[in-house]
Structure formats: structure tokens, C-alpha cells
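>>> Would you be able to build a 3D model of this:
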Amino acid sequence: MRCTSLLCRISASAALAVMLAIAPAVHAQQSIQLFLSAVDGEGKPVTDLKAEDVNILVDGAECKTTKFDAVDWPVKLTLMVDNGPVHNDALRQLRQALRLFIAELPTDMEVALVSIDPAPRFIYKPGADRVKMLSSIDLLIPDSGAPKFIDALAEAADRVNKDKADKNKEKGNYFPVFMMVGSAGVEGSSPRDYQIAKLFKQVVDNAITVHVVMQQSSSRSTDIGSGTNQIEVGLRLTQGTGGRYEAINAETRLSTLLPEYGKQIARSHQRQSHQYRITCQPTGGGTPRQISANTNRSGLSAALTLDGRIP
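Model (predicted):
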């Protein structure tokens, strides 16, 4: 039965953009690597699919499966928080909102907590100890300097890139997610164009999903008209990775908004951490334009992606 989920079939226009990006690799190696995530009618991951249950089609022609592996890579989250002037007047609300956000995450998810003013620094290093994680929120100390929104993202992307490049492949077998609670105030980073380009390349190369909440306080005149750099970077990163971008004007919104993000990340974790990595050999010629999947298993909803990222 053909999978009818919108996630299962890449549209022609979207596929064209994606396939153009991987076309050189396809021509050089004559193979395509894909990730397939499948859930049943109750939304539970399907963990017993076999190669013979799935057919991959490239431009309508069979792409012969040469490798079919189940992968159980977890999501690892870097939570970056602006502890600068915009949030100083409502630090209690910010801390409570962060606790509500963490409460929505799977208890075994690895999380790192980073403050970004006056410079990015770990408040809680990557781990899954929920008690220590929650206690570390109280270590968010107000600062009057200019937060380093872009520097924090760049440093986090560098860490992921090093993990992915490590010879110990198991170290890099995870799906990275960045959650930035930022502000549209004065930005303390002074990146050069090549550094911005490097950040975007690392995010794409390593299948990082980026979510951003951007707050601007109308009571602070220095915030009006500022924040252009981080707003542009935040918008481009979220749009390019399928993440979520929200601009808010009041700290009170954080207590309801951050748990929404937490639930979304938890849903992504459930889908991303139970997938199949498929390598197939196209039988047609030319540059691939569309990829789709058939399955002989009924009642499935599937996501077929090139990098395993399911925001």
C-alpha cells in the first residue's frame, strides 16, 4: 500500500532543492542515503520494519536497497538562555518557565544549559540528571552586559561538529537540537561574514534543528531598533532547519510558550530516536528530482528525510 502521509512523500518542488544539493554525491557514488521514521495508528514508533517492507522510488523508478539499518540515535539538546538586561527584571518568571520547559522533556534526554551574557558558559554541562539540571537554573545570574547570541550558537555548533567528526563514530550518533531563549537587545557578538557562513554550514551538515524565542522589551529604549543581527540569524536558522521562531513582548508569555517548545522537542525525540537508515542504488539516470516510498505494511505514517531531522 502506498504511504499517503504528507511526510512520507517529498513534494516535487521541495525534492528538487534537496536533490540538487546532493546531486554530486549521487553521481560520484551512485547511491543515496535516507532516513525513514514510521509510526502506527497510535503514534507509536514501528520498530520491526525490514528491508522487504519498504520500496524507495527515485523519480518513479526503483532505487534498489543495498543497506537497511535500524538506528536509535537520541536527541541531545543545548538550551541557551539570555541572562542579560531584557530578562533581568523578570528572572523569577524566566527560571520558572525554564523548569516548565524541562518538565516536558524525556527524563533520559541529555541536556546542556548555557548562559550567554557576558559570554557563553555552561551552567549545566551535558547530562540527564534532572535534579541537578533543575537546580542549575538558579545559577542563572543577571548580567548588565550585551548577550552573545550569535557566539553562543557558533560555539554550540562547533561542539557538535567536533562530535560528528570524531573517529569514534558512536560519539556523533545523535540528533542535535538548539533551543535559544534570546532577546532583541544589543548584541555582544561581532562575527565576521565567514564566521556566520561557518555557523550555517555546520548547522546544515550536522542536521541541527534550531528553535528560538526572541524577546524585546518595549520599556527599554536601547532595545528599540536593535537586535537586527540576532533576529536575522535566528529567523534564517529556524526557517532553514524546520525549527520554530517566536517573538514576544512580555516575560509572562514564557511560562506558556516554553512548555510548548518542550512538547515539540519531546515529540521529535520520539520520532527521531527510532528510525531506519536506508542506502539505495538508483536505477535511472540523470539528476534525481523526487524521492518517495511505498510500503506493504498498512496503517503506517512515515517521514522520509535525507538527514533524519524531524522537527
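>>> any idea how far R244 is from V39?
Distance, R244 to V39, using CB to CB, to the nearest Å: 21 Å. Where you see a C-beta, it was placed from the backbone N, CA and C, and this is true even at glycine.
>>> can you give me the strands for the stretch 201-311 of the chain?
209-215, 245-248, 275-282, 291-295, 301-305 (DSSP state E, counting those that start in this stretch).
>>> Could you do the stretch 1-150 of the chain as well?
Shown for the stretch 1-150 of the chain, the strands assigned by DSSP E, counting those that start in this stretch span residues 32-39, 54-58, 61-71, 75-81, 110-115, 121-127.
>>> Adding mean neighbour count and mean pLDDT, write these out as TSV.
Compiled in TSV, those are given as follows (neighbours: other CB atoms under 10 Å; pLDDT from 0 to 100):
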stretch	mean neighbour count	mean pLDDT
strand 32-39	22	92
strand 54-58	21	89
strand 61-71	15	93
strand 75-81	24	98
strand 110-115	21	98
strand 121-127	14	97
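>>> right, so of the ones you listed, which gets closest to C280?
strand 61-71 (3.8 Å; CB to CB).
>>> want to throw the strands of the stretch 1-150 of the chain into TSV with distance to L237?
Shown next, in TSV, are those (distance: least, CB to CB, whole Å):
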stretch	distance to L237
strand 32-39	21
strand 54-58	30
strand 61-71	25
strand 75-81	12
strand 110-115	16
strand 121-127	21
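>>> Which of those sits closest to R309?
Nearest to R309, of the strands of the stretch 1-150 of the chain and by CB to CB, is strand 32-39 at 8.2 Å.
>>> The closest one to strand 54-58, inter-axis angle?
130 degrees (axes from the mean of the first three to the mean of the last three CA atoms, to 10 degrees).
>>> between strand 32-39 and strand 275-282, how many degrees?
Put simply, strand 32-39 runs at 140 degrees to strand 275-282, going by the same axes, to 10 degrees.
>>> Give me the helices and strands touching strand 32-39, please.
In this structure, strand 32-39 makes packing contacts with strand 54-58, helix 254-272, strand 275-282, strand 291-295, strand 301-305, judged by 3 or more CB pairs under 8 Å, 6 or more residues apart in numbering; DSSP states H and E.
>>> With K125 as the reference, name the closest of these.
Comparing the helices and strands packed on strand 32-39 by CB to CB, helix 254-272 comes nearest, at 19.2 Å.
>>> can you give me the angle that closest one makes with strand 110-115?
Put simply, helix 254-272 runs at 150 degrees to strand 110-115, going by the same axes, to 10 degrees.
>>> Check the gap between A247 and M133 for me.
Relative to M133, A247 is positioned 27 Å away (CB to CB).
>>> So between these two, which is more surrounded?
M133 (22 against 14; other CB atoms under 10 Å).
>>> Quick check: the more buried one touching A112?
No: between M133 and A112 there is no contact under CB atoms under 8 Å: 9.4 Å.
>>> intersection of neighbour lists for those two?
Y124, G127 (CB atoms under 8 Å, 6 or more residues apart in numbering).
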